[in-house]
Each structure stands twice: as structure tokens, then as C-alpha cells.
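Trainee: Quick one: sequence plus predicted model below, questions after.
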Amino acid sequence: MESTLSPTMQEATDALISNLLASEAFVRYQQSQTLLDHDSQAQTLLNQLSQTQTDLRKKQAESNLSKDEIDSLRALQTQARENDVIQGYADAQQDVIKFLREINDEINQLLGIDFASFTKRSGCC
């Protein structure tokens with residue numbers, strides 16, 4: 001993919017990317033992702049939760065959902081919230097989102113525009 005940025009702008013963009021990836025928020029996020037990826041108990045729990053949610057959505061669409069099934073889903077959700085690895089990942093993810101919003105606000109102030117709006121697709125496509 002060919003860049004349409006000037007060399008100076010490309011250099012600034014590369015520096016921004018490098019600094020973002022080296023930031024505490026991103027490093028913590030990457031570490032929590034690695035922990036999550038290598039924790040078989042957390043992976044099993046997330047897979048069970050995802051499958052149960054999918055199954056219950058189908059049953060709900062057919063108006064065939066029981067209280068026991070809802071209770072089972074809630075129990076899995078509680079287990080996921082209480083799992084330190086899953087919670088650490090979720091917290092790190094929220095922190096990196098907050099950090100990126102702060103960076104976006106700084107860019108907006110410097111440029112005097114809503115920088116992120118340029119990345120949104122128009123309603124026509």
C-alpha cells in the first residue's frame with residue numbers, strides 16, 4: 001500500500017504509533033492478552049459463555065427460553081467477572097480505550113477539528 005503522506009507526516013505518524021505501542025496502557029493490554037491467550041481455564045470459560053449466549057439468543061428468538069437456562073448464563077457471567085485473568089484483560093482493554101480517547105482529544109485540540117470523524121464511513125456506503 002502506497003503512502004500519500006508527506007515524508008514529515010509519515011515520520012510523525014510512525015513516531016505516534018511507536019509511542020502508542022510503547023505506552024503503559026498498550027503494554028499492559030498486550031500482557032493481559034498474552035495471559036488470557038495462555039490461560040486454558042479462562043479460555044474454556046469464555047468459550048462456554050459465548051456458546052451459551054449464542055444458544056440462548058436462538059432460543060429467545062423462538063420464545064423457548066427457560067429460567068434455568070437464564071440462571072445458567074448468569075452463573076457463567078459471574079464466573080467470568082470473578083476470573084482474575086479475564087477481569088485483568090477487560091480492565092486493560094478499557095484503559096487502552098480511555099487512553100486512545102485522550103490521545104484523540106489532544107489531536108483534536110491541536111488540529112482544531114474532530115480528527116476521529118475522518119475515519120468514519122459516510123452514510124452512503
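Mentor: That came in fine, so what should we check first?

Trainee: quick one: buried residues of the longest helix seen in the chain?
Mentor: Looking across the chain with DSSP state H, the single longest helix is helix 84-111. Residues 85, 86, 88, 89, 92, 93, 95, 96, 99, 103 are the ones in helix 84-111 that count as buried (16 or more other CB atoms under 10 Å). All C-beta spots, glycine's among them, are computed from the backbone N, C-alpha and C.

Trainee: any idea which of the residues you listed is the one closest to residue 11?
Mentor: Nearest to residue 11, judged by CB to CB, of these is residue 103 at 17.8 Å.

Trainee: Can you check the pLDDT for that closest one?
Mentor: Predicted confidence (pLDDT) for residue 103: 92.

Trainee: Same question for residue 1.
Mentor: On the pLDDT scale, residue 1 gets 52.

Trainee: Residue 110 too?
Mentor: For residue 110, pLDDT reads 86.

Trainee: For it, give me its contacts.
Mentor: Listed by CB atoms under 8 Å, 6 or more residues apart in numbering, residue 110 has no contact partners.

Trainee: where's it relative to residue 86, distance?
Mentor: 37 Å (CB to CB, to the nearest Å).

Trainee: Likewise for residue 30?
Mentor: 16 Å.

Trainee: Could you do residue 38 as well?
Mentor: Taking CB to CB, one finds residue 38 at 13 Å from residue 86.
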